[in-house]
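Trainee: next come a sequence and a model predicted from it.
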Amino acid sequence: MSEPFVSVKMKTYNQEKYIGQAIESVLAQKTDFSYELIIGEDCSTDCTREIVFQYQKKYPKVIRVVTSEKNVGLRKNALRILKSARGKYIAHCEGDDYWCDPLKLQKQVDIMEADPSISMCFHAVIYEYMDSSGKKKIKRYHKGNYFFPIKDVIIQGGRFYKLVSAIVNRSIFNTIPDWYIQSPVTDSALSLLAALNGRIYYLNEVMAVYRLNVSGSWSESVAHNTKAYEEHFLKLMRTRKMADKSTHYSYHKYFSKRISMNIMEILLTSKILKKEFQKIKNDYFQYISPFSRIVVFFLHSIHAYWFWSLMRMIKNRLYKRLIFHNSDHNN
């Protein structure tokens, strides 16, 4: 059997409510090339594993399942899927997201085949909220098709796209740097690796759905744990510093700005102890600009976490009152 032209990566853990739709959306793709779906099933405690193997049994020529007897965690799960990929291109669809255009793969591959300088192609998505915090909305990342410069890739830190929309040339993984392996999340590391090995192209078409506020998801669990949130940003800062060094500081001013933003986010979202702040100073203050140091000192001196928490509480209460008022009005 010939090698697949595209490999689709799908990480999953405890996503029994969503995994079927994610798989079906990949199987619905209409292409003039072959593709494979590699599902990394990380020892779910619900029925996710059973569902995945049912699909694999039904579509053995398309679906391969990568799993183990013990949970390996987010990053190791992603890396073992990557190691198993055989296609020239690698697309991404997490187990709680899905694609909504059957021509998605074909459109993106056609673009990348026409321009070999493109190392990554992504597109607009639909944000689908899984709680009462919002309705579906379309998220476009530019007014039209656009090449994202490496400056934006570094400073925005992976926030300029969603992984469910991305397809990359597998050649960017010919040499996998340590900072990529150690990065706590795929989004920012993948886009940076792609930007360092080619150009990133944005296609202004809606072809996938990104689910927000999914119960039990990694992002939700981290967002509700201030210490985990703090550690997440500290890991990001360490890997960005590593990436800066590995590129011989060619983009130092961008990495410095991104790390400054990370420090400010930590101060706004975590209760930083004196010794923790001292460690941040020791590790990063010579690395960021004088102006950023002033801002960081100011946020720390006014105990920004408490102020930010108060503002969030007021916002949530106003939002709940608004929802109640609208519900009462509609009835």
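Mentor: Now that the structure is in, tell me what you want to look at. Numbers count the residues shown, from 1 in each chain.

Trainee: okay, Ile266: pLDDT?
Mentor: Looking at Ile266, its pLDDT stands at 85.

Trainee: next one: it from Glu230, what distance?
Mentor: Going from Ile266 to Glu230 by CB to CB, to the nearest Å gives 5 Å. For glycine as for every other residue, the C-beta is placed from the backbone atoms N, C-alpha and C.

Trainee: which one's more surrounded, these two?
Mentor: Neighbour totals were compared for Ile266 and Glu230, and Ile266 leads with 26 against 19 (other CB atoms under 10 Å).

Trainee: overlap in contacts, Ile266 and Glu230.
Mentor: By CB atoms under 8 Å, 6 or more residues apart in numbering, Ile266 and Glu230 have these common neighbours: Ile272.

Trainee: quick one, strands of the chain?
Mentor: 6-12, 35-41, 63-66, 89-92, 98-99, 118-129, 137-139, 146-148, 167-169, 199-212 (DSSP state E).

Trainee: residue ranges with poor pLDDT in the stretch 151-300 of the chain?
Mentor: Where the stretch 151-300 of the chain drops to pLDDT under 70, the residues are 215-226.

Trainee: was I right about Val52 contacting Tyr13?
Mentor: No. Applying CB atoms under 8 Å as the test, Val52 and Tyr13 come out as separate, 10.8 Å apart.

Trainee: what is in contact with these two at once?
Mentor: By CB under 8 Å, 6+ apart, the residues touching both Val52 and Tyr13 are Glu41.

Trainee: what about Leu192, distance to Arg240?
Mentor: Counting by CB to CB - Leu192 and Arg240 are separated by 8 Å.

Trainee: pull up the overlap in contacts between these two.
Mentor: Between them, Leu192 and Arg240 share these contacting residues under CB under 8 Å, 6+ apart: Ile154.

Trainee: skipping adjacent residues, who's closest to the spatially most central residue of the chain in space?
Mentor: Taking CA atoms, centre = their mean, the centroid of the chain lies closest to Asp187, which sits 3.4 Å from it. Spatial nearest neighbour of Asp187, chain neighbours left out: Gly158 (3.6 Å); criterion: CB to CB, 6 or more residues apart in numbering.

Trainee: ok, that neighbour touching Val185?
Mentor: Yes. Look at Gly158 against Val185 with CB under 8 Å: they come within range, at 6.9 Å.

Trainee: which residues touch the residue nearest to Asp187?
Mentor: 185, 187-192.

Trainee: most neighbours out of those residues, which is it?
Mentor: Ser191 (28 neighbours).

Trainee: thought that residue was touching Asp152?
Mentor: No. The criterion here is CB under 8 Å, and Ser191 misses it with Asp152 at 9.5 Å.

Trainee: identify the contacts common to these two.
Mentor: Contacts common to Ser191 and Asp152, judged by CB under 8 Å, 6+ apart, are Phe160.

Trainee: ranges for the helices of the stretch 1-150 of the chain?
Mentor: 19-27, 48-58, 74-84, 104-114, 150-156 (DSSP state H, counting those that start in this stretch).

Trainee: could I get those helices as CSV with mean neighbour count?
Mentor: Output for the helices of the stretch 1-150 of the chain, formatted as CSV (neighbours: other CB atoms under 10 Å):
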stretch, mean neighbour count
helix 19-27, 20
helix 48-58, 17
helix 74-84, 17
helix 104-114, 19
helix 150-156, 19
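
Trainee: for those helices, which one sits closest to Lys235?
Mentor: Proximity to Lys235 (CB to CB) singles out helix 74-84 among the helices of the stretch 1-150 of the chain, at 10.2 Å.

Trainee: and that closest one, what does it pack onto?
Mentor: Using 3 or more CB pairs under 8 Å, 6 or more residues apart in numbering; DSSP states H and E, the elements in contact with helix 74-84 are strand 6-12, strand 35-41, strand 63-66.

Trainee: what's next to the last one, contact-wise?
Mentor: By CB under 8 Å, 6+ apart, the list of residues contacting strand 63-66 from outside reads 23, 36-41, 52-53, 55-56, 77, 80-81, 84.

Trainee: not counting residues beside it along the chain, what's closest to Leu234?
Mentor: Leu234 sits nearest to Ile266 (CB to CB, 6+ apart), 7.3 Å away.
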